[in-house]
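Undergrad: Structure, please.
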Amino acid sequence: MTTLPTGTVTFLFTDIEGSTQRWDTHPDAMRAALERHDALMRQAVEATGVTPPDCAPRLGLC
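TA: Numbering: from 1, shown residues only. Prediction:
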């Protein structure tokens, strides 16, 4: 069984507002926006110095 984290546990949820419609109308721009989003999230998580307990493969945090 996996050991549960102790101390402060933080959950990070993000959303690109209106992304469903934007994927339909501007897929190339959304790919770029998602790449930027992922880079910012990766930087934010790495800056904490904490290893995420769960893998986030799309962000390269495994």
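
Undergrad: Residues in contact with stretch 21-31: which ones?
TA: Applying C-beta atoms under 8 Å, 6 or more residues apart in numbering, the external contacts of stretch 21-31 come out as Ile16, Ser19, Ala33. Every C-beta, even on glycine, is put in place using the N, C-alpha and C of the backbone.

Undergrad: Where in this protein is the helix or strand with the lowest mean pLDDT?
TA: Lowest by mean pLDDT, DSSP states H and E among the helices and strands of the chain is helix 27-48, with a mean of 88.

Undergrad: Find the residue at the geometric middle of this protein.
TA: For the chain, the residue nearest the mean C-alpha position is Met41 (5.0 Å; C-alpha atoms, centre = their mean).

Undergrad: Does it touch Thr14 like I think?
TA: Yes - using C-beta atoms under 8 Å, Met41 is in contact with Thr14, at 6.4 Å.

Undergrad: and the residue nearest to the centre of the chain, how far is that from Leu34?
TA: Met41 sits 10 Å away from Leu34, going by C-beta to C-beta, to the nearest Å.
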